[in-house]
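Novice: Fold the stuff below for me.
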Amino acid sequence: MSTLITNIGELTTNARPEPDEGPADDRLGTLHDAAVLIEDGRIAWVGASGDAPAHADEVVDAGGRAVIPGFVDSHSHLVFGGDRAAEFEARMAGQKYAAGGIRSTVAATRAASDDELRERLRGFVRELLTQGTTTVEIKSGYGLDVATEEKLVRLAAEVTPEVTYLGAHVVPAEYADDHDGYVDLVVGDMLDACAPHARWVDVFCETGAFTVAQSRRVLEAGIARGLKPRVHASQLGPGEGVRMAVELGAASVDHGTYLTDDDIAVLAASDTVLTLLPGVEFSTRQPYPDARRLIDAGVTVAIACDTNPGSSFTSSMPFCIAVAVRDMRMTVAEAVWAATAGGAAALHRDDIGVIAPGKRADLVLLDAPTRVHLAYRPGVPLVKQIWKDGVEAL
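Specialist: Purely as a prediction, here's the structure:
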């Protein structure tokens, strides 16, 4: 099956052009009056509409609209029970955000059945897809016991290959006086149950969650079981989590709300991606990270939604792009790259987040002439059509 999308007014490929094809600093590899040929779920050809192949099973006229790669959301917590609207309301009234609120979701998640969690999870995945997200990473972390954590990673694996074991989210109430005992469980029986369903291991290295020493132990145990590390760090205050993450070769450090100059230098000299989560700062009223400072220092930056019931209950990557542009000092081009190719880098994927021959055919047709409208028209549904693995999904 082949599909030709033609008459694309602005095509964001994320493939850096050759010197004679455009500005050397255009990371987005922008083409105008372009076309894309999809064959058997992959990109087969990209170029000018006038040079497009003559035959395809289906021809789609983009009508001068913009096409971008599907968003890659590299940080989400989509499997959970319950609701924390009251907590959000309290924060808006002045209450400070703290990691301990996670425990209320744990109770609701433990009480939910497989079918209840599965149905809600699939609803969230559909919600993401309609807003242009074609790849999503999903973490556990709302079970905090062996049986429930295993259930969460198993259900997540039904909808994505990017599953993260986050048994070390916070210490549950029953281990309130024995944090190290809980870490024993996380690196022992819980890891044994969850590792077969996961690709990644994560830890919340933060005041009120896990110390650097505990976090290192969790990550090293996961690495020994073949899982790749990623880290929550520097969300609630500065700490040593960034340096630890880079030392262990973490794919990404997520949050980075409070970064020191040393953190930034360490990240810039590494292959670790710094994943910004604009929805969190929007929802918690914490200060926004300065993405301009990070990018100018040479840090690779991704953007993700961090969809979760406590600190960022949004699944809209366009919303996060708009916030990143307005409040984190990113250009539109940088934000779109961070939400596509940046997310792919945070997942160690080179087959998504880019529109080029041989890559997966995950594309989004915007009902707009340019990607700038993603930030220019915040809150407006601009996704007109989606292809996931070459199949029309919207």
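Novice: mind checking how far the most centrally placed residue in the chain is from Asp362?
Specialist: Central residue check for the chain by Cα atoms, centre = their mean: the C-alpha nearest the mean position is that of Ser74, 2.2 Å away. Distance, Ser74 to Asp362, by Cβ to Cβ, to the nearest Å: 14 Å. Glycine gets a C-beta too; all of them are placed from N, C-alpha and C.
Novice: same thing with Ala168?
Specialist: Taken as Cβ to Cβ, the span from Ala168 to Asp362 is 31 Å.
Novice: and what of Trp200?
Specialist: 20 Å.
Novice: Compare these two (neighbour count), which wins?
Specialist: Legend: neighbour count by other Cβ atoms under 10 Å for Trp200 and Asp362, higher for Asp362 (28 against 24).
Novice: tell me which element Arg27 is part of?
Specialist: Arg27 is located outside every helix and strand, with elements delineated by DSSP states H and E.
Novice: Quick check: phi and psi on the nearest residue to it once chain neighbours are set aside?
Specialist: Excluding the flanking residues, the one nearest Arg27 by Cβ to Cβ, 6 or more residues apart in numbering is Trp337, at 5.5 Å. Main-chain torsions, Trp337, degrees, to the nearest 10: phi -60, psi -40.
Novice: Trp337 contacts Leu28, correct?
Specialist: Yes - with contact defined as Cβ atoms under 8 Å, Trp337 reaches Leu28; the gap is 6.0 Å.
Novice: Which residues are in contact with each of those two?
Specialist: Applying Cβ atoms under 8 Å, 6 or more residues apart in numbering, one finds that Trp337 and Leu28 are jointly contacted by Asn14.
Novice: Which of the two has more residues huddled nearby?
Specialist: Counted by other Cβ under 10 Å, Trp337 and Leu28 do not tie: Trp337 has more neighbours, with 29 against 25.
Novice: And the pLDDT for the more buried one?
Specialist: Note on Trp337: pLDDT of 98.
Novice: Likewise for Gly94?
Specialist: 88.
Novice: and the gap between it and Arg285?
Specialist: Gly94 sits 9 Å away from Arg285, taking Cβ to Cβ as the criterion.
Novice: Same check on Leu166?
Specialist: For Leu166, the distance to Arg285 equals 24 Å [Cβ to Cβ].
Novice: quick one: low-confidence parts of the stretch 51-200 of the chain?
Specialist: Within the stretch 51-200 of the chain, the stretches with pLDDT under 70 are 98-100.
Novice: mind listing the strands for it?
Specialist: For the stretch 51-200 of the chain, the strands defined by DSSP state E, counting those that start in this stretch cover 58-61, 66-69, 71-73, 133-136, 138-139, 163-168, 200-205.
Novice: what's the second one packed up against?
Specialist: Read that as strand 66-69. For strand 66-69, the elements it packs on are strand 2-11, strand 363-366, judged by 3 or more Cβ pairs under 8 Å, 6 or more residues apart in numbering; DSSP states H and E.
Novice: List the contacts of the first one.
Specialist: If I follow you right, that is strand 2-11. With Cβ under 8 Å, 6+ apart, strand 2-11 has contacts from 30-40, 44, 46, 49, 52-53, 56-67, 355, 363, 365, 369-371, 387, 390, 392.
Novice: And the buried ones among those, selectable in PyMOL?
Specialist: The following PyMOL line selects those of the contacts of strand 2-11 that are buried, judged by 16 or more other Cβ atoms under 10 Å:
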select buried, resi 30+31+34+35+36+37+38+39+44+46+49+52+56+60+62+65+66+67+355+363+365+370+371+387+390
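Novice: ok so, going back, tell me which of the strands of the stretch 51-200 of the chain sits most buried.
Specialist: Mean neighbour count (mean count of other Cβ atoms under 10 Å) peaks for strand 71-73 among the strands of the stretch 51-200 of the chain, with a mean of 32.
Novice: Pull up the pairing partners for that strand, direction included.
Specialist: Strand 71-73 has the following strand partners under DSSP bridges: strand 133-136 (parallel).
Novice: Please state the offset of the partner strand from the chain centre?
Specialist: Mean-position distance between strand 133-136 and its chain equals 8 Å (Cα atoms, centre = their mean, to the nearest Å).
Novice: How about stretch 318-329?
Specialist: 15 Å.
Novice: any residues touching it, and which ones?
Specialist: By Cβ under 8 Å, 6+ apart, stretch 318-329 touches 131-132, 276-279, 281-282, 288-292, 303-305, 314, 330-332, 335-336, 338-339, 374-375, 378-379, 382-383.
Novice: In helices only, show me these.
Specialist: Cross-referencing these against helices under DSSP state H gives 278-279, 281-282, 291-292, 332, 335-336, 338-339, 374-375.
Novice: Throw the helices and strands packed on strand 66-69 into a markdown table and include distance to Val231 and mean pLDDT, thanks.
Specialist: Shown next, in a markdown table, are the helices and strands packed on strand 66-69 (distance: least, Cβ to Cβ, whole Å; pLDDT from 0 to 100):
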| stretch | distance to Val231 | mean pLDDT |
| --- | --- | --- |
| strand 2-11 | 35 | 98 |
| strand 363-366 | 29 | 98 |
